[in-house]
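Asks: Below is the structure, and that's it, no one-letter string:
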């Protein structure tokens, strides 16, 4: 009777896990899924030859050469040229690609499908936000993938060849920074974790690679300010205006709210390993564990540390623990991979609360362009709205529109007076009177999108109903009651 070897069972398990990862985003795409934010504007920007100062009303310190994700836009333009993808195709391609590389990097690097898929599935369950971020088609996933690769590299026991990894660090950090330069400075924290863990040689080579990557990225982008100036300007503009409440910032800039489940699961895994005092002492010399805890703590102030740095580190740390705990191979390993892959598939593809199909009901995404166009600003006008999704969706449908947006993908890009007005509107829960600074300066070409339960009234303005919005425009003949 034909018998498969343990190695053959493992190869089958690797293929099964790989197919699961590749099928998940395809199933999600079958729902008609469109991510709700940045993936839309990246695809739209890649389709046009325009600068951001032609699209957004920018603060004076930002210029036409601004590009917060130059490498990602270049990548999408290449996909457009080679495959003929339109904006819809680029969005779907974005989240298929991003989910696949993030989910497969550990599998391909370790060749251990059971602990990897279990760590991935465990992370999706203990931190459901990761389900969304892994498949929202945003370029941050490239940084997360690079981080995952490096943490796996550093987790190898007995590997003391940091010099041999300098070229790898240089190339991978260049890719991460070129694609996602707005948070390159956070990589400094990763290097500091190496020093905290006593990995001094690796730390020095990491910082050498980071410097080389910064210089290389600066040569790859249209202007060096996209690497060395604009990332700091955006952060200082967002935080420096001292919003009255942190809830006025985008979700990533708000506090994480101390998500406890990852810590609970980490404690349980340590207990399962046994001899907990010695195990914990050893783990504090591991970069993934220190980064997981350190970024979790920083997330108490800014959620992005938890979302983009703590969670990937948790996946790698959980993988190491599960690789130690699980002692199965051969047929049992294949059965385990099949069960875990089915769990990951069901977790990721279930349309819970219409999370994937909701966009099918969004009027700005699916109503005819001609119908939407009647509500948009005229040539040279400005679209006013405090809702960033209005920008994402209208720009996605009309990337060549001859008007600009007062609010785009980052409020920190706005002129100071407009940012103040937006914060006041948010603080007053959208009260119409708080829109006065914008209403006072609007021209006949401009439009204002509001989300209010009843029809608003303002002297000299007419408000037309458009599905879930009220669209305001100047109209001296308008009569208020």
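Replies: Received the coordinates, thanks. Just so we're clear, the structure is a prediction, and the values are computed from it rather than from any experiment.

Asks: wait, residue 51 sits on residue 62?
Replies: No - applying CB atoms under 8 Å, one finds residue 51 not in contact with residue 62, separated by 10.3 Å. Where you see a C-beta, it was placed from the backbone N, CA and C, and this is true even at glycine.

Asks: Just want to know which of these two has more residues nearby.
Replies: residue 62 (22 against 16; other CB atoms under 10 Å).

Asks: pretty sure the more buried one contacts residue 53?
Replies: Yes - in this structure, residue 62 sits in contact with residue 53. The criterion is CB under 8 Å, and the distance is 7.3 Å.

Asks: which strands and helices sit next to the helix or strand harbouring residue 29?
Replies: When elements are assigned from DSSP states H and E, residue 29 belongs to helix 6-30. Of the remaining helices and strands, those touching helix 6-30 by 3 or more CB pairs under 8 Å, 6 or more residues apart in numbering; DSSP states H and E are helix 87-110, helix 113-126, helix 331-349.

Asks: Need these in JSON lines (columns: mean neighbour count).
Replies: Output for the helices and strands packed on helix 6-30, formatted as JSON lines (neighbours: other CB atoms under 10 Å):
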{"stretch": "helix 87-110", "mean neighbour count": "20"}
{"stretch": "helix 113-126", "mean neighbour count": "23"}
{"stretch": "helix 331-349", "mean neighbour count": "18"}
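
Asks: just the strands in this structure please.
Replies: Defined through DSSP state E, the strands belonging to the chain, from first to last, are 382-384, 404-405, 447-450, 461-466, 469-474.

Asks: right, so the ones you listed: which one is the most enclosed?
Replies: strand 382-384 (a mean of 23; mean count of other CB atoms under 10 Å).

Asks: Of all the helices and strands packed on helix 6-30, which one is nearest residue 442?
Replies: Evaluated over these, closeness to residue 442 peaks at helix 87-110, with 28.8 Å, by CB to CB.

Asks: what's the angle between the closest one and helix 113-126?
Replies: Relative orientation of helix 87-110 and helix 113-126, computed by axes from the mean of the first three to the mean of the last three CA atoms, to 10 degrees: 130 degrees.

Asks: any idea how far residue 83 is from the residue lying closest to residue 166 once chain neighbours are set aside?
Replies: Closest residue in space to residue 166, ignoring its immediate chain neighbours: residue 205 at 5.0 Å, by CB to CB, 6 or more residues apart in numbering. Distance, residue 205 to residue 83, by CB to CB, to the nearest Å: 38 Å.

Asks: Have a look at the two and say which one is more surrounded.
Replies: Comparing residue 205 with residue 83 by neighbour count (other CB under 10 Å), the higher total belongs to residue 205, at 21 against 10.

Asks: If I look at the more buried one, what pLDDT would I see?
Replies: What the model reports as pLDDT for residue 205 is 94.

Asks: Please apply the same query to residue 430.
Replies: In the predicted model, residue 430 carries a pLDDT score of 89.

Asks: count of residues packed around it?
Replies: Neighbour count for residue 430, taken as other CB under 10 Å: 14.

Asks: mind listing what's buried in the least confident helix or strand in the chain by mean pLDDT?
Replies: Per-element confidence for the chain was summarised using mean pLDDT, DSSP states H and E. The lowest value among helices and strands belongs to helix 230-240, with a mean of 80. Residues of helix 230-240 classed as buried by neighbour count (16 or more other CB atoms under 10 Å): 230-231, 233-235, 237-238.

Asks: got the contact list for it?
Replies: Outside of helix 230-240, the residues that reach it under the criterion CB atoms under 8 Å, 6 or more residues apart in numbering are 59, 61-62, 66, 68, 181-185, 249-250, 253, 410-414, 419.

Asks: need the contact list for residue 207.
Replies: With contacts taken as CB under 8 Å, 6+ apart, residue 207 has the following neighbours: residue 191.

Asks: And for the one 3 residues further on?
Replies: Residue 210 makes contact with 169, 173, 187-188, 191, according to CB under 8 Å, 6+ apart.

Asks: Tell me which of those fall in helices.
Replies: When helices are assigned by DSSP state H, the members of these inside them are 169, 173, 187-188, 191.

Asks: Going by neighbour count, which of those residues comes out on top?
Replies: Using other CB under 10 Å as the contact criterion, the top neighbour count among those goes to residue 173, which has 26 neighbours.

Asks: Surely that residue is in contact with residue 187?
Replies: Yes - using CB under 8 Å, residue 173 is in contact with residue 187, at 6.6 Å.

Asks: ok, now how distant is residue 34 from residue 449?
Replies: Distance of residue 34 to residue 449, given as CB to CB: 19 Å.

Asks: Likewise for residue 297?
Replies: Taking CB to CB as the measure, residue 297 falls 39 Å from residue 449.

Asks: can you check residue 293 too?
Replies: 43 Å.

Asks: quick revisit: and the helices and strands packed on helix 6-30: which comes nearest residue 5?
Replies: helix 331-349 (10.7 Å).

Asks: relative to helix 6-30, how tilted is that closest one?
Replies: Compare the direction of helix 331-349 with that of helix 6-30 by the same axes, to 10 degrees and you get 10 degrees.

Asks: low-scoring stretches of the protein, by residue?
Replies: The chain contains residues with pLDDT under 70 at 1-2, 157-164, 240-249, 478-481.

Asks: and with 50 instead?
Replies: When the per-residue scores of the chain are filtered using pLDDT under 50, the ranges that remain are 1.

Asks: follow-up on the earlier one: tell me which two in the ones in helices among the contacts of residue 210 are the farthest apart.
Replies: Taking CB to CB as the measure, those reach their widest spread between 169 and 188, a distance of 13.6 Å.

Asks: Excluding covalently adjacent residues, which one is nearest to residue 432?
Replies: The shortest distance from residue 432 to any non-neighbouring residue, by CB to CB, 6+ apart, is to residue 456 (5.0 Å).

Asks: count of residues packed around the one you found?
Replies: 14.

Asks: One more: residue 367?
Replies: Taking other CB under 10 Å as the neighbour definition, residue 367 ends up with a count of 14.

Asks: Please name the nearest non-neighbouring residue to it.
Replies: Using CB to CB, 6+ apart, the closest residue to residue 367 is residue 467 (7.4 Å).

Asks: these two touch, right, that neighbour and residue 363?
Replies: Yes - contact between residue 467 and residue 363 holds when scored by CB under 8 Å: they sit 4.0 Å apart.

Asks: who has more neighbours, those two?
Replies: More neighbours sit around residue 363 than around the other of residue 467 and residue 363, counting by other CB under 10 Å; the figures are 15 against 12.

Asks: quick one: contacts for residue 81?
Replies: Counting by CB under 8 Å, 6+ apart, there are no residues that residue 81 touches.

Asks: Roughly how far does it sit from residue 334?
Replies: In terms of CB to CB, residue 81 sits 41 Å off from residue 334.

Asks: how near is the residue nearest to residue 432 to residue 424?
Replies: Relative to residue 424, and taking CB to CB, residue 456 is found at 17 Å.

Asks: Name the residues that touch stretch 362-379?
Replies: Outside stretch 362-379, the residues within contact range by CB under 8 Å, 6+ apart are 34, 359-360, 383, 389-390, 393-394, 396-398, 401-403, 444-447, 464, 466-469, 471.

Asks: one more time with 6 Å
Replies: For stretch 362-379, the external contacting residues (CB atoms under 6 Å, 6 or more residues apart in numbering) are 359, 383, 393, 402-403, 445-447, 466-467, 471.
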